[in-house]
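Q: coordinates for the following, if possible.
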Amino acid sequence: MARIAGVDLPKNKKIFVALDRIFGIGIPLSLKILAETGVDPDKKVKDLSEEEIARLRSYIDNLKVEGALRAEIQRNIKRLIDINCYRGIRHKLGLPVRGQRTRHNARTRKGPRGNIFKRRRKG
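A: Modelled structure (predicted):
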């Protein structure tokens, strides 16, 4: 099993799909990485040689992926909250940030519906 950028790649998947498991790398970027390192995208991870894994690892080490990328995203959100801009306020309140309506949808950001009618106990 190949370990790149702190992520264990699944050994039975093709390498261009397996690189997608690394946060910050999607299919298009993985195909670009494989083209630049000279690795065949149709090879499975278990069929890669140590030299190919080393080339991939050295190329990906120069990219901002996994922990560094997550930290940068969190810093950007914190900056928006600190300067109290509209997007920062929406982040703080847990509402949609990019202009979506909230009257009927937005359950992903707002969470499950609250119960309006609380039943009283008889007694």
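Q: show me what the lengthiest helix in the chain is packed against.
A: Assignment by DSSP state H gives helix 66-82 as the longest helix of the chain. On a contact count with 3 or more C-beta pairs under 8 Å, 6 or more residues apart in numbering; DSSP states H and E, helix 66-82 meets helix 86-93. For the C-beta atoms, the positions are set from N, CA and C on the backbone; glycine is no exception.
Q: OK, contacts around the residue sitting nearest the centre point of the chain?
A: Nearest to the geometric centre of the chain sits F23, at 4.6 Å (C-alpha atoms, centre = their mean). Counting by C-beta atoms under 8 Å, 6 or more residues apart in numbering, F23 touches 7, 65-66, 69-70.
Q: can you pull out the helices in this structure?
A: Going by DSSP H, the chain shows helices at 15-18, 27-37, 50-61, 66-82, 86-93, 107-110.
Q: between those, which one is closest to F117.
A: Judged by C-beta to C-beta, the one of the helices of the chain that comes nearest to F117 is helix 107-110, at 18.9 Å.
Q: and that closest one, how far out from the chain's middle?
A: Averaging C-alpha positions (C-alpha atoms, centre = their mean, to the nearest Å) puts helix 107-110 18 Å from its chain's average.
Q: check stretch 17-33 too.
A: For stretch 17-33, the distance to the chain centre is 11 Å (C-alpha atoms, centre = their mean).
Q: and if you look at stretch 66-84?
A: Computed by C-alpha atoms, centre = their mean, the separation of stretch 66-84 from the middle of its chain amounts to 14 Å.
Q: next, the buried residues of it.
A: Going by neighbour count (16 or more other C-beta atoms under 10 Å), the buried part of stretch 66-84 is 66, 80.
Q: could you give the average pLDDT over that stretch?
A: Taken as a whole, stretch 66-84 has a mean pLDDT of 96.
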